[in-house]
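J.: sharing a model prediction with you, sequence too.
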Amino acid sequence: MTTLDRYVLREWAKVFFLATFGFPLLVFVIDLVDNLDKYLARGVSKQHLALSYLYYVPETVTLVFPVAVLFAVVFTVGALGRHAELTAAKASGISFHRLVRPLLAASLAAVLVDIGLTELAPVTSSRRAELLGEKQIRSDQYRNNFVYRADGGWVYAIGGLELASRSMRDLILEREGTGPEYPTIVIAAPRASYDTAKGTRGWTLSKGTLHYLLGPGRETAFSFDALRTRDLREGPVELLAEPKAPDEMRYAELGRYIDALARSGSDTKKLRVERALKLSVPFACIIIALFGAPLAITTPRSGAAWGVAVCLATTFVDLLMFQLSKAVGAGGVLPPSFAAWVPNFVFGAAGLWLLKKART
């Protein structure tokens, strides 16, 4: 890394970190002013309120990252042009493409950080909602009266689950069938215990009844003292996990949720777009840097006002395109995953064209 590279990266980092943490701070102040009375009416303590904003950081930063990268690139390259440093670099044999290479590398690093924060944001957002009283705090030791939809068409109705004793009570397992060749199965048991011994890991149901519903008026039932079934594969921790909204799920979790909905015949196009956006939005950091770098030298004598105008206009168009891509993908006009990447393709193509036209 040359001295010029370090200088360029230092100027980029100043603007990037200022934008990354300045915008969220503004969001926090606006949220606090608008909702302070509501939080206090719920009985939220000062400690919980302060901690909630700490948990709010990943969600706000993930939204700001592409904008922060754009501001950093535009203001860094624009300053180099206004102060004749760009001209001096070209005169010494350093091309514009070589000059912006460290900026693109830093933007690529921002992509990786943004992806990590995108995976963290659903967890912290859920915790923040609990601290602010917007959501009931989930117990990590027991759960009562819930239904769990498992793979293979099985549905579990469970009266109670306790993690410490690894036991369930008032359990009903049901798998809907289509007829005698694939009958509906209903298993009812007052208790079930989980064995953790190696080789025998799984649930044992006690003193229950197994029903085969073969058709209208046709039923076969068996009583049992103990029953183990391969279909009940979920452990106590998995069953203890309460259902989440799609925006509370990580990338892999949302993928499994979409697959389960698809197997039940539900329309999953909108959720597939949302899942693809978890990657396409962070990758907008490098795409938008590729677009902003050559755009910043189109009028090298312009001041900060031009840089702000370029960033705001680009951000507005980018956000508008992402919203349109969500609507197009959810409507089925384009494949959901492809629709989520369309803004990146458009800005990437425009950035490559501008970079090719830039004087080197």
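T.: Sure, I can see it.

J.: count of neighbours near Glu174?
T.: 17 (other CB atoms under 10 Å). In this view, the C-beta of every residue, glycine as well, is placed from N, C-alpha and C.

J.: ah, wrong one, I meant Gly116
T.: 13.

J.: by contact count, what packs against the helix or strand where it lies?
T.: In this structure, Gly116 sits in helix 96-131 according to DSSP states H and E. Counting contacts by 3 or more CB pairs under 8 Å, 6 or more residues apart in numbering; DSSP states H and E, helix 96-131 packs against helix 3-41, helix 46-82, helix 85-91, helix 269-295.

J.: identify each buried residue in that helix, please.
T.: For helix 96-131, the buried set under the neighbour-count rule, 16 or more other CB atoms under 10 Å, comprises 96, 99-100, 102-104, 106-107, 110-111, 114-115, 117-122, 124-129, 131.

J.: kindly report the same for stretch 207-215.
T.: Result for stretch 207-215 [16+ other CB under 10 Å]: buried residues 208, 210, 213.

J.: repeat for stretch 51-69
T.: Buried residues in stretch 51-69 (16+ other CB under 10 Å): 52-53, 55-69.

J.: report the distance from that stretch to the chain centre.
T.: Offset of stretch 51-69 from its chain centre (CA atoms, centre = their mean, to the nearest Å): 13 Å.

J.: tell me the mean pLDDT for that stretch?
T.: Stretch 51-69 shows a mean pLDDT of 88.

J.: just the CA atoms of stretch 221-236, as CSV, please.
T.: Extracted in CSV, the C-alpha atoms of stretch 221-236 (Å, rounded to 0.1, in the frame of the first residue of the first chain):
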residue,chain,number,x,y,z
ALA,A,221,-56.8,-47.2,17.4
PHE,A,222,-54.0,-48.7,19.6
SER,A,223,-53.1,-47.9,23.2
PHE,A,224,-49.5,-47.9,24.2
ASP,A,225,-47.4,-47.7,27.4
ALA,A,226,-44.4,-46.1,25.6
LEU,A,227,-43.9,-45.0,22.0
ARG,A,228,-41.0,-43.6,20.1
THR,A,229,-41.5,-42.1,16.6
ARG,A,230,-38.9,-41.0,14.1
ASP,A,231,-41.1,-38.2,12.9
LEU,A,232,-40.8,-36.3,16.2
ARG,A,233,-37.2,-35.2,15.6
GLU,A,234,-37.2,-31.7,17.2
GLY,A,235,-35.4,-31.4,20.6
PRO,A,236,-36.7,-29.3,23.5
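
J.: any low-confidence regions in the stretch 1-150 of the chain?
T.: 81-93, 136-140 (pLDDT under 70).

J.: and the stretch 251-360 of the chain, by the same measure?
T.: Residue ranges of the stretch 251-360 of the chain with pLDDT under 70: 260, 263-265, 298-308, 310, 358-360.

J.: circling back: between the helices and strands packed on helix 96-131, which gets nearest to Glu253?
T.: Nearest to Glu253, of all the helices and strands packed on helix 96-131, is helix 269-295, at 9.8 Å by CB to CB.

J.: the closest one - contacts with which helices or strands?
T.: Packed against helix 269-295, as judged by 3+ CB pairs under 8 Å, 6+ apart, are the following elements: helix 46-82, helix 96-131, helix 251-263, helix 304-331, helix 336-357.

J.: export those helices to CSV and tack on distance to Ile187?
T.: Putting the helices and strands packed on helix 269-295 into CSV (distance: least, CB to CB, whole Å) gives the following:
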stretch, distance to Ile187
helix 46-82, 41
helix 96-131, 33
helix 251-263, 21
helix 304-331, 39
helix 336-357, 37
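
J.: and these: which comes nearest Gly179?
T.: Of all the helices and strands packed on helix 269-295, helix 251-263 sits nearest to Gly179, with 19.7 Å by CB to CB.

J.: and the lengthiest strand in the chain, how far out from the chain middle?
T.: Taking DSSP state E as the criterion, the chain has its longest strand at strand 202-215. Relative to its chain's centre, strand 202-215 lies at 39 Å (CA atoms, centre = their mean).

J.: tell me the helix or strand right after it.
T.: Later in the chain than strand 202-215, the nearest helix or strand by DSSP H and E is strand 218-227.
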